[in-house]
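> Need a 3D model of the sequence below.
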Amino acid sequence: MQAPEIGGVRVRQGDGQTVRLARGASLTDLSEKINVDVSSLVQVLFHLGEMVTATQTVSEDTLQVLAGELNYVIEVVSPEDEDRALLESFDIEFGENEGGEEELAARPPVVTVMGHVDHGKTKLLDAIRKTNVVAGEAGGITQAIGAYQVATEVDGDERKITFIDTPGHEAFTAMRSRGAKSTDIAVLVVAADDGVMPQTIEALNHALAAEVPIVVAVNKIDREGADPTKVRGQLTEYGLVPEEYGGDTMFVDVSAITGVGLDALLEAVILTADAALDLRANPDMDGQGVAIEAHLDKGRGAVATVLVQRGTLHVGDSIVAGTGYGRVRALLDDHGNNVTEAPPSFPVQVLGLTAVPGAGDSFLVVDDDRMARQIAERRAARLRMAAQAAGTRRKTLDQLFEQLEKGETQELRLILKGDGAGSVEALEDALAKIDVGDEVSLRVIDRGVGAITETNVSLAAASDAVIVGFNVRPQGKATEMADREGVDIRYYSVIYAAIDEIEAALKGMLKPIYEEVQLGQAEIREIFRSSRAGIIAGCMVINGTIRRNSKARLLREGVVIADSTIGSLRREKDDATEVREGFECGMTMANYSDIRTGDIIETYEMREKARS
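Predicted coordinates:
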């Protein structure tokens, strides 16, 4: 039978069978699967109004259009399936196979703390582990995932619990979803004075989708207007029925401020784990698990926070984590202490990787460094193809003619740099959802973890892009290069501000704003202690002018450590209002004393500037 014609091209039709393709596949990949000449596929797409070459990465939408014409069903393989197939090619099993019953041992439950923003999740963990995380977070919002292990006594036995603190802002949905998937139990925090809010429901849906038991912590019961009974009634509508109402969900009234109910909450977690779950793992196999968060440290390189899910991770193991690989140089627990091994359900920071893994990437121990490098390189190549496919815009002939007539459409290009892999990914996801119509588009041309470098600035200059720094600053001569090349660098510490300003820029609705003007920079050379003034920084002004009472930030290896103001400023023994470049001075930062030799104090002021 003769093959039917599509736009004058004869192509053999399918009969509705399914074709599985990896993300970022090309027309050549499709042609090999369906045994059709690739030039015919190029011609078919051309007649359908789209221009694609044989080896070009093709978006999923374009593949679906082509498959519909040829009577095939395209199924794009999930990242998890791709990774499983990759590991199988190296004869590596990643997953649930942990050996026989006699090889399994009990492990602590992994608990994810979820809930609406500002309902006290971090303060609750803060009270449990007696450290202060929330004070160091901009706007009081958790902007990275942390993992911590605590111990509690239940029925006379000491039991350990691993807590994962997930960010509360809605833009971190992807990270929070991964938190739910790597956990055994979800603790849903609801403020007794606020009740169920939109993100409470969102967090609940993530926990239900992950099919994990839920314990509800009704927080802020010490506040005026607190109504724990109202919270129970609201959550009953969503299927969480308290035990006292005849249901199977444990509700615990707590206060992160006064400490009421914390022991009861830990006990509820243990009892729920014992009743609903069989938490066992094989501690004798090679370590496997998930990277919760990662960042780039100038002195230590790539640092990944990982949660061991099965097996034991040892110092000296050859490890692959996402696209990074290496030999484990050191393992640090949640208190910063060195440990030699990490058993199941134990969170540790891993040093020794060649690259920063993404939040949610799997890690595993392999036989040797050579195999680790091969797996990481294959993963990196696969991710590049997937990113190209996601960034490919379907360009039709009509669009091409329109652009030739009126010039290229307006496009805002961005380069994203952040202090953690999860933060960068969450910011990119949030920006991708901004919808301002067809006249203006937004494209992220590069993203990365760590300080803003001269390479980022040169790419921005060549691409006419704006650099967005999320909790990071430039390093080296990147600032000078940006000024010279006219590259716009924006700094943010709260994700709300970045989303709002970029959306306003796209819509062309920006009102006059305040512009940050750098006044000067001083390097800390010595640190002095005074009973009257506290910690005094002995500094050399390396550029500009340092003024008393001006806004200041403390930079450590290009990362913003603290925002404050210059408290006192002295030149030799005399008080000074300002100190110019090339002179030494002594200064204090208001309400902040954790300074180190080599830190940079940068002063600035906000000046009102009308946007053109």
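
> residues in contact with the lengthiest helix in the chain?
Secondary structure of the chain per DSSP state H: the longest helix is helix 369-391. Outside helix 369-391, the residues that touch it by C-beta atoms under 8 Å, 6 or more residues apart in numbering are 22-25, 57-60, 79, 82-83, 86-87, 90, 318-320, 322-327, 354-355, 366, 443-444. C-beta coordinates here come from the backbone N, C-alpha and C atoms, glycine included.

> Toward the C-terminus from the one helix or strand Glu88 maps to, list the very next helix or strand.
Per DSSP states H and E, Glu88 falls inside helix 79-89. As assigned by DSSP H and E, the chain's next helix or strand after helix 79-89 is strand 105-106.

> Name the strands paired with that next one and say parallel or antiparallel.
According to DSSP bridges, strand 105-106 forms sheet pairs with strand 280-281 (antiparallel).

> Go through the helix or strand following the partner strand and flag the buried ones.
Counting by DSSP H and E, the next helix or strand C-terminal to strand 280-281 is strand 288-297. Within strand 288-297, the residues scored as buried using 16 or more other C-beta atoms under 10 Å are Gln288, Gly289, Val290, Ala291, Ile292, Glu293, Ala294, His295, Leu296.

> got the buried residues for the longest helix of the chain?
For helix 369-391, using 16+ other C-beta under 10 Å, the buried residues are 371-376, 378-379, 382-383, 385-386, 388-389.

> now do stretch 232-248
Neighbour-count burial for stretch 232-248 [16+ other C-beta under 10 Å]: Arg232, Gln234, Leu235, Leu240, Val241, Pro242.

> Which of those sits closest to Arg548?
Nearest to Arg548 among the buried residues of stretch 232-248, counting by C-beta to C-beta, is Gln234 at 52.1 Å.

> distance of that closest one from Leu188?
To Leu188, Gln234 is 12 Å away according to C-beta to C-beta, to the nearest Å.

> same check, this time on Ser568
Distance of Ser568 to Leu188, given as C-beta to C-beta: 47 Å.

> Those two - which one has more neighbours?
Taking neighbours as other C-beta atoms under 10 Å, Ser568 and Leu188 compare with Leu188 leading, 25 against 17.

> From Gly156, how far off is that one?
To Gly156, Leu188 is 29 Å away according to C-beta to C-beta.

> Val111 contacts Asp165, correct?
No - with contact defined as C-beta atoms under 8 Å, Val111 does not count as touching Asp165 (9.9 Å).

> Looking at the buried residues of stretch 232-248, which are in strands?
Of the positions in the buried residues of stretch 232-248, not one sits in strands, assigned by DSSP state E.

> Generate CSV for those, with distance to Phe346 and pLDDT as supplementary columns.
Below are these laid out as CSV (distance: C-beta to C-beta, whole Å; pLDDT from 0 to 100):
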residue, distance to Phe346, pLDDT
Arg232, 34, 93
Gln234, 36, 92
Leu235, 32, 92
Leu240, 30, 91
Val241, 34, 92
Pro242, 32, 92
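
> TSV for those residues, including distance to Tyr514?
Shown next, in TSV, are those (distance: C-beta to C-beta, whole Å):
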residue	distance to Tyr514
Arg232	46
Gln234	41
Leu235	42
Leu240	45
Val241	51
Pro242	49
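
> quick check, nearest of those residues to Pro198?
Nearest to Pro198 among the buried residues of stretch 232-248, with distances taken as C-beta to C-beta, is Gln234, at 12.5 Å.

> Centroid-nearest residue for the protein?
Gly422 (0.7 Å; C-alpha atoms, centre = their mean).

> May I ask which helix or strand encompasses that residue?
Taking DSSP H and E as the definition, one finds Gly422 inside helix 421-432.

> Pull out the buried residues from that helix.
Those would be Ala421, Gly422, Ser423, Val424, Glu425, Ala426, Leu427, Glu428, Ala430, Leu431, for helix 421-432 by 16+ other C-beta under 10 Å.

> All the strands of the stretch 401-550 of the chain, residue numbers only.
Here the stretch 401-550 of the chain has its strands, by DSSP state E, counting those that start in this stretch, at 410-418, 440-449, 466-470, 489-492, 513-530, 534-547.

> Tell me which of those strands sits most buried.
Among these, the stretch with the highest mean neighbour count (mean count of other C-beta atoms under 10 Å) is strand 466-470, at a mean of 22.

> can I get the CA coordinates of that one in PDB?
In PDB, the C-alpha atoms belonging to strand 466-470 read as follows (Å, rounded to 0.1, in the frame of the first residue of the first chain):
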ATOM      1  CA  VAL A 466      20.200  41.400  33.200                       C
ATOM      2  CA  ILE A 467      22.000  39.500  36.000                       C
ATOM      3  CA  VAL A 468      19.800  38.600  39.000                       C
ATOM      4  CA  GLY A 469      21.800  37.900  42.200                       C
ATOM      5  CA  PHE A 470      19.700  36.100  44.900                       C
END
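
> ok, back up a step: so what does the helix holding Glu88 touch, helix or strand wise?
Using 3 or more C-beta pairs under 8 Å, 6 or more residues apart in numbering; DSSP states H and E, the elements in contact with helix 79-89 are helix 369-391.

> average pLDDT for the helix it packs on?
Per-residue pLDDT over helix 369-391 has a mean of 81.

> Can you get me the start-to-end distance on stretch 504-523?
36 Å (C-alpha to C-alpha, to the nearest Å).

> mind showing which ranges of this protein have poor pLDDT?
1-14, 78-80, 94-99, 130-145, 166-181, 388-410, 436-439, 508-513, 610-612 (pLDDT under 70).

> Correct me if wrong: Asp222 contacts Thr258.
Yes - applying C-beta under 8 Å as the test, Asp222 and Thr258 come out as touching, 5.1 Å apart.

> More neighbours: these two, which one.
Comparing Asp222 with Thr258 by other C-beta under 10 Å, the one with more neighbours is Asp222, at 16 against 11.

> In three-state terms, how would that one be classified?
What DSSP: H, G, I helix; E, B strand; the rest coil gives for Asp222 is coil.

> re the thing from before, surely the residue nearest to the centre of the chain meets Ala291?
No - in this structure, Gly422 is not within contact of Ala291 by C-beta under 8 Å, at 9.4 Å.

> where do the contact lists of the two overlap?
Gly358, Ala359, Gly360.

> still on that earlier bit, next, the angle strand 466-470 makes with the helix holding Gly422.
For helix 421-432 and strand 466-470, the angle between their directions (axes from the mean of the first three to the mean of the last three C-alpha atoms, to 10 degrees) works out to 130 degrees.

> ok now helix 421-432, how far from the chain's centre?
Distance, stretch centre to chain centre, for helix 421-432: 7 Å (C-alpha atoms, centre = their mean, to the nearest Å).
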